[in-house]
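Engineer: next one to model:
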Amino acid sequence: SSAEMAVSIPGQLMALAAALLLGGAVGLLYDCFRVLRCRVRWPLLGGLLDLVFWLCVTLALFLHALETGGGVLRFYMVAALFGGQYC
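Structural biologist: I've put the predicted structure just below:
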C-alpha cells in the first residue's frame, strides 16, 4: 500500500544524523589504525589494517542501512558517513 511506501522526513533526518555519527566513528577508527601503523613497524601490518578497516566500514554501513533505511542504502547515507569523518 502507499502508506507503507511513505517517506518519513523525521526518520530520514535521524538516519542522516546517525550516518554523520557513524562517519565520526569511522574517522576515529582510521586515526587509531594510523597511530598503530606508525608505531608498529611490521611489513604486513599496513595491508592488514586496511583490510580490517574496510571490512569494519562495510559492515557498519550495511548494518546502518538495515537499521535506519529498512535495508535500502541511500546515497546520502554514504555521503554523510564519509562527510562525518571531517567534522
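Engineer: which element is residue 68 on?
Structural biologist: helix 45-69 (DSSP states H and E).
Engineer: and that helix, what other elements does it pack with?
Structural biologist: helix 9-39, helix 75-83 (3 or more C-beta pairs under 8 Å, 6 or more residues apart in numbering; DSSP states H and E). No exception for glycine: its C-beta is placed from N, CA and C like everyone else's.
Engineer: for the last one, name the packing helices and strands.
Structural biologist: Just to be clear, that refers to helix 75-83. With contacts taken as 3+ C-beta pairs under 8 Å, 6+ apart, helix 75-83 sits against helix 9-39, helix 45-69.
Engineer: which one of those helices lies nearest to residue 81?
Structural biologist: helix 9-39 (4.3 Å; C-beta to C-beta).
Engineer: buried residues in that closest one, which are they?
Structural biologist: 15-16, 18-20, 22-27, 29, 33 (16 or more other C-beta atoms under 10 Å).
Engineer: repeat that for stretch 53-71.
Structural biologist: Here stretch 53-71 shows 53, 57, 60, 61, 64, 65, 68, 69 as buried, counting by 16+ other C-beta under 10 Å.
Engineer: residues touching residue 45, list them.
Structural biologist: Residue 45 makes contacts with 36, 37, as judged by C-beta atoms under 8 Å, 6 or more residues apart in numbering.
Engineer: now do the closest residue to residue 72 other than its chain neighbours against residue 52, distance only.
Structural biologist: For residue 72, ignoring the flanking residues on the chain, the nearest one in space by C-beta to C-beta, 6 or more residues apart in numbering is residue 65 at 6.5 Å. Relative to residue 52, residue 65 is positioned 21 Å away (C-beta to C-beta, to the nearest Å).
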